[in-house]
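Participant: from the sequence below, what's the structure:
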Amino acid sequence: MTDIDFNLNEDYMRLAVDELKAKLEKIYLGGGQKKIDSEHKKGKLTARERIEYLTDKNSTFLEIAALVGDEMYQEIGGCPSGGVVAGIGYVSGRQCMIVANDATVKAGAWFPIAGKKNLRAQEIAMENRLPVIYLVDSAGVYLPLQDEIFPDKENFGRVFRNNAKMSSMGIPQISAIMGSCVAGGAYLPIMSDESIIVEGTGSIFLAGPYLVKSAIGETVDKETLGGAETQTALSGVCDYKVKDDKEALDTIKKLIDKYGKFETAGFDRIKPKKPKAVEKELYGIFSTTKPYDVREVIKRIVDDSEFTEYKEDYGQTIVTCYARIDGWSVGIVANQRSVVKSKKGEVQIGGVIYSDSADKAARFIMLCNQKKIPLLFMQDVTGFMVGSRSEQGGIIKDGAKLVNAVSNSTVPKFTVITGNSYGAGNYAMCGKAYDPRLIVAWPSAKIAVMGGAQAANTILQMQVGTLEAKGAETMNPEEKAKILKDIKDHYDKTTTPYYAAARLWVDAVIDPLETRKWISIGIEAANNAPVEKFNVGVMQT
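Facilitator: Residues are numbered from 1 along each chain as shown. Got it, this is the predicted structure:
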């Protein structure tokens, strides 16, 4: 790689990271400064302020799905972060999943994407046996969109089902009612194992004063109906009554402090070491347009820049290696974008999965499962190799073997999409459908069935073919160029990492320099839950 290429790559990534940070700063304001000021006047903290007070000082809060809802629901003013702040935080020294309604965003109402985000948070908690803390402050379902959140399997009701499942699994759940808690939303805190309610601002009831008046003609105020005194001293629905937000959060800290320890998975960790290679060089080494050596990327992510490569000279469009990240033992499966020669001397295109690469990766995944080593997939893949030679060589069978290994792997899997994530390559390299414990993207990522130019040409050819079949006049070059541009522009917009993050196809878009942090905290969380034994038999073909 030339110095010019390095500098161009570095400039691209720095601009992309700056764009990410600017987007997040805006999102962190939730419904805006006026709404934040309004919450403060009521004596309430905002969702992010509550989490900051709750979590241990100088600890990391790993926020999940901050970009959810990005550029969605624009016709009604948007829904930053889906009106929910969620992530893994340390409370009294213990990793917990924290889910906090953001009352500055449509009074914390549940949008369809908010339901999906809550379910993702619960999924992470269940997979990793993390205690869950709900900071409840919500007006309930956003009624104009009720048909998209209410009745289906992965909708609102699934949240309460998960409450019950986690209790049966022995995963503690604590809820603090710090604002409104209405109708169906009232089940979440009360299906938790313990609940706290704040005097004056917290309230919980199946039907509010207006609905009660309408339904049975009774006139009753909010406090009498479901305030802190009613729900602790009279109904016994809530367990702890506190005077303000900070006392509620302090109570949670005291409760978490008393929890016992569960059996761990036993993943290996030694004293962490920083990479020897300069981490910031990731910006210049990684390229979205030209071949690069993924080993140089790996050196800037793993401890001491050391790794042991498995089958280095075989299946060279995938690099497989053992390493450590922040002290944790990991097995890495990474797409190689450099143009390489196969063992037969044939040129292999970088970023494409060939039969030998698929076979190597599948066997490496099996070995990591046998050794109880978590897996990290680094995606920059355009798909599987096509053509008569590949088909005759059994690419479908070898690809299926890799997908089989990924699907049946029982050690925790983590996925980082650095560049392209196209077609079946997304599946084989542990895309969202294959249950990675966490899946994140760099700002340079693109997720789609195929690249924008390829897709646009394919769709255009189909349209031309349809016209010809009908006997219509073919398009002139100008018409074709316009249609091609329109298709490509739309396709490119829907393949960005932000489009994916808004819809929770990935858990976050991150600065490449945060990759080590995400993997380390993810493995620490995964170590809370023992893993099942891998069935070696699935690989004996």
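Participant: what's the neighbour count on residue 232?
Facilitator: 19 (other CB atoms under 10 Å). Quick note: C-beta positions are derived from backbone N, CA and C, even for glycine.
Participant: show me what the nearest residue to it once chain neighbours are set aside is bridged to.
Facilitator: Excluding its sequence neighbours, the residue lying closest to residue 232 (CB to CB, 6 or more residues apart in numbering) is residue 241, at 4.4 Å. Beta bridges link residue 241 to residue 197, judged by DSSP bridges.
Participant: can you give me the helices in the stretch 301-450 of the chain?
Facilitator: 355-371, 388-392, 395-408, 423-428 (DSSP state H, counting those that start in this stretch).
Participant: could you tell me the least trusted of those?
Facilitator: Ranked by mean pLDDT, the helices of the stretch 301-450 of the chain end with helix 388-392 at the bottom, a mean of 78.
Participant: mind checking how far it is from the chain centre?
Facilitator: When distances are taken as CA atoms, centre = their mean, to the nearest Å, helix 388-392 is centred 36 Å away from the chain's centroid.
Participant: the bottom helix or strand of the chain by mean pLDDT?
Facilitator: Using mean pLDDT, DSSP states H and E, helix 452-469 stands out as the lowest-scoring helix or strand of the chain, at a mean of 72.
Participant: tell me where the stretch 101-250 of the chain has strands.
Facilitator: Applying DSSP state E, counting those that start in this stretch to the stretch 101-250 of the chain gives strands spanning 132-138, 173-181, 194-198, 240-242.
Participant: can I get these in TSV including mean neighbour count?
Facilitator: Below are those laid out as TSV (neighbours: other CB atoms under 10 Å):
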stretch	mean neighbour count
strand 132-138	27
strand 173-181	27
strand 194-198	25
strand 240-242	20
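Participant: so the following helix or strand past the least confident helix or strand of the chain versus helix 452-469, what angle?
Facilitator: Per DSSP states H and E, the first helix or strand lying C-terminal to helix 452-469 is helix 477-493. Comparing the axes of helix 477-493 and helix 452-469 via axes from the mean of the first three to the mean of the last three CA atoms, to 10 degrees yields an angle of 140 degrees.
Participant: just give me the neighbour total for residue 246.
Facilitator: Neighbour count for residue 246, taken as other CB under 10 Å: 15.
Participant: that one contacts residue 54, correct?
Facilitator: No: at 9.6 Å, residue 246 does not count as touching residue 54 under the criterion of CB atoms under 8 Å.
Participant: quick one, longest helix in this structure?
Facilitator: Looking across the chain with DSSP state H, the single longest helix is helix 3-27.
Participant: show me the contact partners of that one.
Facilitator: By CB atoms under 8 Å, 6 or more residues apart in numbering, the list of residues contacting helix 3-27 from outside reads 66-67, 70, 80-81, 282-288, 290, 442-444, 498, 509-512.
Participant: starting at the chain centroid, how far to it?
Facilitator: With CA atoms, centre = their mean, you get 21 Å for helix 3-27.
Participant: and what of stretch 168-176?
Facilitator: When distances are taken as CA atoms, centre = their mean, stretch 168-176 is centred 22 Å away from the chain's centroid.
Participant: next: stretch 150-165.
Facilitator: Stretch 150-165 has its average C-alpha position 19 Å from the chain's average C-alpha position, going by CA atoms, centre = their mean.
Participant: residue numbering should commence at 37 henceforth.
Facilitator: Shifting the count to begin at 37 puts that one at stretch 186-201.
Participant: next, the buried residues of it.
Facilitator: Across stretch 186-201, burial judged by 16 or more other CB atoms under 10 Å covers 186, 191-195, 198-199.
Participant: nearest to residue 124 among those?
Facilitator: Of all the buried residues of stretch 186-201, residue 124 sits closest to residue 198, with 16.8 Å by CB to CB.
Participant: got the contact list for that closest one?
Facilitator: The contact partners of residue 198, taken as CB under 8 Å, 6+ apart, are 155, 158-159, 162.
Participant: what subset of the residues you listed is buried?
Facilitator: The neighbour count (16+ other CB under 10 Å) marks 155, 158, 162 as buried among those.
Participant: distance between the ends of stretch 162-182?
Facilitator: 27 Å (CA to CA, to the nearest Å).
Participant: where does the stretch 187-336 of the chain dip in pLDDT?
Facilitator: Across the stretch 187-336 of the chain, the ranges flagged by pLDDT under 70 are 220.
Participant: oh, that last question was meant for the stretch 437-577 of the chain, not what I typed.
Facilitator: For the stretch 437-577 of the chain, the stretches with pLDDT under 70 are 487-488, 491-492, 503-504, 508-509, 572-577.
Participant: I'd say the residue nearest to residue 268 and residue 236 touch.
Facilitator: No: with contact defined as CB under 8 Å, residue 277 does not count as touching residue 236 (10.7 Å).
Participant: now do the shared contacts for those two.
Facilitator: Common neighbours of residue 277 and residue 236, using CB under 8 Å, 6+ apart, are residue 264.
Participant: let's see which of the buried residues of stretch 186-201 end up in helices.
Facilitator: 192-195, 198-199.
Participant: nearest to residue 230, out of the residues you listed: which one, please.
Facilitator: Of all these, residue 199 has the smallest distance to residue 230: 12.4 Å, by CB to CB.
Participant: closest to residue 470 out of the helices of the stretch 337-486 of the chain?
Facilitator: Nearest of the helices of the stretch 337-486 of the chain to residue 470, taken as CB to CB: helix 431-444 at 5.2 Å.
Participant: what is that closest one packed up against?
Facilitator: Counting contacts by 3 or more CB pairs under 8 Å, 6 or more residues apart in numbering; DSSP states H and E, helix 431-444 packs against helix 391-407, helix 459-464.
Participant: can you lay out these as a markdown table showing distance to residue 122 and mean neighbour count?
Facilitator: Shown next, in a markdown table, are these (distance: least, CB to CB, whole Å; neighbours: other CB atoms under 10 Å):
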| stretch | distance to residue 122 | mean neighbour count |
| --- | --- | --- |
| helix 391-407 | 29 | 22 |
| helix 459-464 | 24 | 22 |
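Participant: just put these in TSV and tack on distance to residue 294.
Facilitator: Listed next are the helices and strands packed on helix 431-444 as TSV, based on distance: least, CB to CB, whole Å:
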stretch	distance to residue 294
helix 391-407	35
helix 459-464	43
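Participant: so what sits opposite residue 453 in the bridge?
Facilitator: Under the criterion used (DSSP bridges), residue 453 bridges to residue 415, residue 477.
Participant: list the contacts of it.
Facilitator: Counting by CB under 8 Å, 6+ apart, residue 453 touches 415-416, 475-478, 481, 483, 533, 542.
Participant: likewise residue 532?
Facilitator: Applying CB under 8 Å, 6+ apart to residue 532 gives the contacts 481-482.
Participant: what's the distance between it and residue 445?
Facilitator: Distance of residue 532 to residue 445, given as CB to CB, to the nearest Å: 29 Å.
Participant: and the residue nearest the centre of the chain?
Facilitator: Centroid check for the chain by CA atoms, centre = their mean gives residue 543 as the closest residue, at 1.4 Å.
Participant: quick one: it and residue 452 touch, right?
Facilitator: No: at 10.7 Å, residue 543 and residue 452 do not qualify as touching, with contact defined as CB under 8 Å.
Participant: lovely, talk soon.
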